[in-house]
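**Q** just a sequence and a predicted model for now, questions to come.
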Amino acid sequence: MRTGRTIAVRARRRSRGSELVEFALMLPGLAMLLLVVSQVAGAVATYQILCNAAREGARLAVVPGEYGRTADVQNTVAGYAAVNGIALAAGAVTVNQNEIVNPGGGACGVGNVCIQASRVAVAYTYVMGGLLGASMQLGAAAEMRNLY
């Protein structure tokens, strides 16, 4: 006569290696998921650096005495990015110190006063490493009201 304990012991012996086989089958999927998550995290960190660099450039662009000095603004943005490990090309930073912001929509006039602002935009191609080998375009822009 077989007891419940004997049947359980036999069942465990038969399925002894199944956990190992299941783990071996799932391991490539888990590794790929980990790779994708790490690459997305790197892209988000790079985007945050670009946003901060654009904001630093916009802050400099609106300071009195900096009107027309777009090279200074571009160098500030590129310098901020370089300190944080991102090499920006010279044409990657665009500066417009004559941006017209229309907060109310419609035509600018007495009832709808438009604001003159400076806009700094940064474009960057983020290359994903590892097995993905893809790249994505990242861009950031900051706009601040002119103080001059």
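**A** Right, received. Where do you want to start?

**Q** helix or strand right after the longest helix belonging to the chain?
**A** Across the chain, the longest stretch assigned as helix under DSSP state H is helix 18-61. Of the helices and strands lying after helix 18-61 in sequence (DSSP states H and E), the nearest is helix 70-83.

**Q** tell me what the longest strand anywhere in the chain is packed against?
**A** Counting residues, the longest strand found in the chain (DSSP state E) is strand 115-127. Judged by 3 or more Cβ pairs under 8 Å, 6 or more residues apart in numbering; DSSP states H and E, the packing partners of strand 115-127 are helix 18-61, helix 70-83, strand 93-101, strand 135-145. Every C-beta, even on glycine, is put in place using the N, C-alpha and C of the backbone.

**Q** who touches the residue sitting nearest the centre point of the chain in this structure?
**A** Centroid-nearest residue in the chain: Y47, 2.3 Å away (criterion: Cα atoms, centre = their mean). Residues near Y47 by Cβ atoms under 8 Å, 6 or more residues apart in numbering: 126, 138, 140.

**Q** state the distance from it to V110.
**A** Separation of Y47 from V110 (Cβ to Cβ, to the nearest Å): 40 Å.

**Q** neighbouring strands for the longest strand of the chain, and are they parallel or not?
**A** Sheet pairing of strand 115-127 (DSSP bridges) gives strand 93-101 (antiparallel), strand 135-145 (antiparallel).

**Q** list the buried ones in it?
**A** Across strand 115-127, burial judged by 16 or more other Cβ atoms under 10 Å covers 117-124, 126.

**Q** re earlier: can you redo the contacts of Y47 as TSV with pLDDT and distance to V21?
**A** Below are the contacts of Y47 laid out as TSV (pLDDT from 0 to 100; distance: Cβ to Cβ, whole Å):
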residue	pLDDT	distance to V21
Y126	91	38
L138	95	42
A140	96	47
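
**Q** looking at those, which one is closest to R59?
**A** Nearest to R59, judged by Cβ to Cβ, of the contacts of Y47 is A140 at 13.9 Å.

**Q** neighbours around that closest one, how many?
**A** By other Cβ atoms under 10 Å, 20 other residues sit near A140.
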